[in-house]
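Novice: For reference, the sequence and a predicted model appear below.
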Amino acid sequence: MPISGPISGPISGPVARAAAELADVERAFRAEYGRAVAVLTRVFGDIDIAEDAVQDAFAEAARRWPQAGRPPSPAGWLITTARNRAVDRLRREGARAGKHAQAALLRAQEEPAEAKEESPVQDDRLRLIFTCCHPALGSAARVALTLRLLGGLTTAEIAHAFLVPEATMAQRLVRAKAKIRDAGIPYRVPAEADLPGRLAGVLAVLYLIFNEGYTASSGDRLARADLCAEAIRLGRLLARLMPDEPEVSGLLALMLLTESRRAARTGADGALVLLAGQDRSRWDRSLIAEGQALVRQCLRRGQPGPYQIQAAIQAVHSDSPTAAATDWDQILVLYGQLLIVAPSPVAALNRAVALAEVDGPSAALAVVDGLASATLDRYYLFHAIRADLLRRLGRRAEADAAYQAALARSGNAAERAYLTLAKEHLAQPDGVAQGDHQAHGDHRPEVEAPVLDAQRDDEEREAEGAEDAHRHRREEPG
């Protein structure tokens, strides 16, 4: 990214204008990175060339925009600049008998600046998602690579989404790019008949992008609205492309119903407000209506899948006028169905939260403790949920330790502030009794971790075996 960090301190005049322009470049990076990489990948047929060119263009924008001002079309400027930079570089490398550079240059020369779209996928970014989800790549690599290229997420953010160490994710991304290059995987849209078979990886990508946007893995902001908007935009596009796929509708409904609560998730001071304490009059009723209509559409089809079931759970929450009126019995049943269709540790953890509201915190804690694993140990919500159950049972010392474990695993400032206050409240004489009214969903993950294929291909497993040999075995998040 061209900008290393925010400028602090009082600024005015030309310095203020320059700072504003640099911030404008930063916003453009977040908004346009995925589109620019997708367009340049189509033009040159090579991910590394596309990424390098886009990075060059943003670096040039950081140099020029503060003096020359923002261009009328930032996206067009960035893509044109990146394309020209790449062509110049390829010409230089081609002159040194670089066959790969010559091939990429020839492809770019044959590609018109505004190529007409003839394939069933009408968006460059969506086309690149399907390309990165090629069956030759392991499922985890497909999702991670697309998050990097389309969502513009950093390696650390993707590692957080996958619940794996950052070093593991970095090597996975490098190997995925190398495999695409070495295997000559083509950058083209699969035939229309093949699109459904490639759908699972695409849905996981959109969900992870939304997940990162809804609760950012790091930084001062609780959420990144740009990522949520991008995931929903691509979800709508995919729903138009594949209207007969119920899981596409299910995912779109899930994102819409969850996004409907965004305005109520923070107070006036920016502090996190969990589901039970939210002012439901601030929920976006238009998004709720759209999401609930999609859920009803899915129910009529009678082909339940994990995204449809999770959307149904969110629909139950959106139907409840107050937290106390929530139909936890129905939610518990739906989580049971989710565990049948797509069993995973995170789904089981979420079911335990619903169980606490039906059968009490003691029954739920027994389930949560039985779920302990290397994967969930890295998941801060596992420890936050456990802390809340221990608090409700009056086991303050154990709750304090669990809150501390959650704090150690959360990189989001708003979440950490909430956990810190909950931990401090334990020391007050009325900590348990006062806090008990915060049940009904507190610390419950509002977005479930996406369901991924737990099996990676042999090549991925062998490559990661050496670096993970000193670590305990883990399973992919469900």
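Specialist: The structure has been received and is ready for your questions.

Novice: residue ranges of the strands in the stretch 151-300 of the chain, please?
Specialist: All strands of the stretch 151-300 of the chain, identified by DSSP state E, counting those that start in this stretch, fall at 218-219.

Novice: elements contacting the helix or strand harbouring residue 26?
Specialist: According to DSSP states H and E, residue 26 maps onto helix 13-44. Under the contact criterion of 3 or more C-beta pairs under 8 Å, 6 or more residues apart in numbering; DSSP states H and E, helix 13-44 touches helix 47-68, helix 74-95, helix 99-110, helix 124-132, helix 225-241. No exception for glycine: its C-beta is placed from N, CA and C like everyone else's.

Novice: tell me which residues of the last one are tucked away?
Specialist: Same thing as helix 225-241. By neighbour count on 16 or more other C-beta atoms under 10 Å, the buried set for helix 225-241 is 227, 228, 230, 231, 232, 234, 235, 237, 238, 239, 241.

Novice: Now pLDDT and distance to residue 27 too, for those, in CSV please.
Specialist: Supplementary listing: those in CSV, determined by pLDDT from 0 to 100; distance: C-beta to C-beta, whole Å:
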residue, pLDDT, distance to residue 27
227, 80, 13
228, 87, 15
230, 81, 13
231, 88, 18
232, 93, 19
234, 86, 19
235, 91, 22
237, 83, 22
238, 87, 25
239, 90, 27
241, 77, 28
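
Novice: Let me know the closest of those to residue 265.
Specialist: Residue 265 lies nearest to residue 228 out of the buried residues of helix 225-241, by C-beta to C-beta, at 11.5 Å.

Novice: thought that closest one was touching residue 260?
Specialist: No: using C-beta atoms under 8 Å, residue 228 makes no contact with residue 260, being 11.0 Å away.

Novice: can you count the residues close to residue 394?
Specialist: Residues contacting residue 394 under the criterion other C-beta atoms under 10 Å number 13.

Novice: how would you label it: helix, strand or coil?
Specialist: Put simply, residue 394 is coil when judged by DSSP: H, G, I helix; E, B strand; the rest coil.

Novice: Would you check how far apart it and residue 387 are?
Specialist: Separation of residue 394 from residue 387 (C-beta to C-beta, to the nearest Å): 13 Å.

Novice: now do residue 422
Specialist: Counting by C-beta to C-beta, the gap from residue 422 to residue 387 is 7 Å.

Novice: List the residues that contact residue 33.
Specialist: With contact taken as C-beta atoms under 8 Å, 6 or more residues apart in numbering, residue 33 is in contact with 54, 58, 152.

Novice: And the closest residue to residue 231 other than its chain neighbours, how far from residue 405?
Specialist: In space, and not counting its chain neighbours, residue 231 is closest to residue 210: 3.6 Å by C-beta to C-beta, 6 or more residues apart in numbering. Residue 210 sits 26 Å away from residue 405, going by C-beta to C-beta.

Novice: same thing with residue 312?
Specialist: In terms of C-beta to C-beta, residue 312 sits 32 Å off from residue 405.

Novice: Which one of those two is surrounded by more residues?
Specialist: Neighbours were counted for residue 312 and for residue 405 using other C-beta under 10 Å; residue 312 has more, 25 against 18.

Novice: give me every residue that touches the nearest residue to residue 180 once chain neighbours are set aside.
Specialist: Using C-beta to C-beta, 6+ apart and skipping residues adjacent in sequence, the residue nearest residue 180 is residue 47, 6.5 Å away. Contact analysis of residue 47 by C-beta under 8 Å, 6+ apart lists 37, 41, 149, 177, 180, 181.

Novice: Please pick the buried ones from those.
Specialist: Counted by 16+ other C-beta under 10 Å, those give 37, 41, 149, 177, 180 as buried.

Novice: list the contacts for residue 404?
Specialist: Residue 404 makes contact with residue 423 under the criterion C-beta under 8 Å, 6+ apart.

Novice: rerun at 10 Å
Specialist: Contact analysis of residue 404 by C-beta atoms under 10 Å, 6 or more residues apart in numbering lists 383, 387, 419, 420, 423.

Novice: JSON lines for these, including neighbour count, secondary structure and pLDDT?
Specialist: Output for the contacts of residue 404, formatted as JSON lines (neighbours: other C-beta atoms under 10 Å; DSSP: H, G, I helix; E, B strand; the rest coil; pLDDT from 0 to 100):
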{"residue": "383", "neighbour count": "25", "secondary structure": "helix", "pLDDT": "96"}
{"residue": "387", "neighbour count": "26", "secondary structure": "helix", "pLDDT": "96"}
{"residue": "419", "neighbour count": "26", "secondary structure": "helix", "pLDDT": "92"}
{"residue": "420", "neighbour count": "13", "secondary structure": "helix", "pLDDT": "92"}
{"residue": "423", "neighbour count": "20", "secondary structure": "helix", "pLDDT": "93"}
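
Novice: Make a markdown table from those residues and add distance to residue 362 to it.
Specialist: Output for the contacts of residue 404, formatted as a markdown table (distance: C-beta to C-beta, whole Å):
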| residue | distance to residue 362 |
| --- | --- |
| 383 | 18 |
| 387 | 15 |
| 419 | 23 |
| 420 | 26 |
| 423 | 22 |
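
Novice: Of those residues, which is the nearest to residue 205?
Specialist: Nearest to residue 205 out of the contacts of residue 404 is residue 383 (C-beta to C-beta; 27.4 Å).
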